[in-house]
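J.: Give me a model of this one.
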Amino acid sequence: MKRKSKFLPTLGLIVAAGLLFAAEMQAAAPTAPAGAAPGTPLESYGTTEIIASEPVKSMFSHKSHVITAGLTCDSCHPDLFERKRGAAKAKGDYTMASLDAGKYCGACHDGSTAFNTTGPETCKTCHGSDMKQPGTIVFNRPVKAVIFDHKGHVDMGLDCASCHDKAFEMRKGAAEEHPQKFTMRALYAGKYCGVCHNGNIAFASNTRCTSCHIGVKGLERMLVEADLASEKEPQAKKNKH
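T.: Numbers count the residues shown, from 1 in each chain. As a prediction, the model looks like this:
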């Protein structure tokens, strides 16, 4: 009896301490946003997720949509997105063209309900501030050594939405994956580069051939010059110090 009488107060202290700890944890735990299911932990909403890293980095802040915008689970799931990470990417149609057509994020990001996903001023919101635009793109299919001066077109005032995703998918090599479509005949019909290079907006695609078709020797010369420039750059930086 003496051992039992000593054990009960000790047990009582342990239970009391446990209840106090649970109460403190509950008070410190963040509360679910308005409209969320009762008892749903805030942590389940996450923060910023990287939807894709290749070929183009794409980010989505789940937390900002739930906490800041006040959306609930059924605002997007399952009608716009399956409740499974990677499901949209796996379908193969999670592209800027789909968004522009009102699918996925485009259901709300239409320029009215929320900012337009294809607006040139909003690209970095989802793709990050470290988007690196290519300088010169070299196409090798269906014809080898065809160049496109990406930097030059950007410098003249074009933005992402000028070409992507209507003229070109925003993915390096996408046009070359369909060599039977990516042809001069397609350009003459107003597709790909022919959207602008029609003799009206820019020089016609059936003129000034060597502006883009530099040939194998021209490509080799360009690559050699690029290698020499890259070798000189570290030396120039070293001389500054």
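J.: least trustworthy helix or strand in the protein by mean pLDDT?
T.: helix 2-28 (a mean of 43; mean pLDDT, DSSP states H and E).
J.: For the protein, which segments count as helices?
T.: When assigned using DSSP state H, the helices of the chain occupy the ranges 2-28, 62-63, 73-76, 87-91, 96-100, 123-127, 150-155, 160-163, 184-188, 215-240.
J.: Do I have it right that Cys212 meets Phe148?
T.: Yes - the pair Cys212 and Phe148 qualifies as a contact (Cβ atoms under 8 Å) at a distance of 6.9 Å. Where C-beta positions appear, they are placed from N, C-alpha and C, glycine not excepted.
J.: Need the overlap of contacts for the two.
T.: When Cβ atoms under 8 Å, 6 or more residues apart in numbering defines a contact, the residues bordering Cys212 and Phe148 alike are Cys193.
J.: Would you mind measuring from the most centrally placed residue in the chain to Gln180?
T.: The C-alpha lying nearest the average C-alpha coordinate of the chain belongs to Ser58 (Cα atoms, centre = their mean; 2.2 Å). With the distance defined as Cβ to Cβ, to the nearest Å, Ser58 ends up 29 Å from Gln180.
J.: Which parts of the chain belong to which domain?
T.: Using automatic domain parsing, the domain parsing of the chain gives 42-127, 136-227.
J.: and these as a markdown table, adding mean pLDDT?
T.: Rendered in a markdown table, the data for the domains of the chain read as follows (pLDDT from 0 to 100):
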| stretch | mean pLDDT |
| --- | --- |
| domain 42-127 | 81 |
| domain 136-227 | 92 |
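J.: neighbours of Asp74, just the number please.
T.: 10 (other Cβ atoms under 10 Å).
J.: repeat for Phe168
T.: 18.
J.: so what's it up against?
T.: Neighbouring residues of Phe168 by Cβ under 8 Å, 6+ apart: Ala174, Ala175, Tyr192.
J.: In TSV: those residues, plus distance to His153.
T.: Compiled in TSV, the contacts of Phe168 are given as follows (distance: Cβ to Cβ, whole Å):
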residue	distance to His153
Ala174	17
Ala175	15
Tyr192	13
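J.: which of the residues you listed has the most neighbours?
T.: Ala175 (22 neighbours).
J.: Quick check: that one vs Tyr192, distance?
T.: Here the criterion is Cβ to Cβ. By it, Ala175 lies 6 Å from Tyr192.
J.: Let me know the closest of the contacts of Phe168 to Leu223.
T.: Taking Cβ to Cβ as the measure, Leu223 sits nearest to Ala175 out of those, at 21.0 Å.
J.: pretty sure that closest one is in contact with Asp165, am I right?
T.: No - the pair Ala175 / Asp165 is not scored as a contact, 11.6 Å apart, by Cβ under 8 Å.
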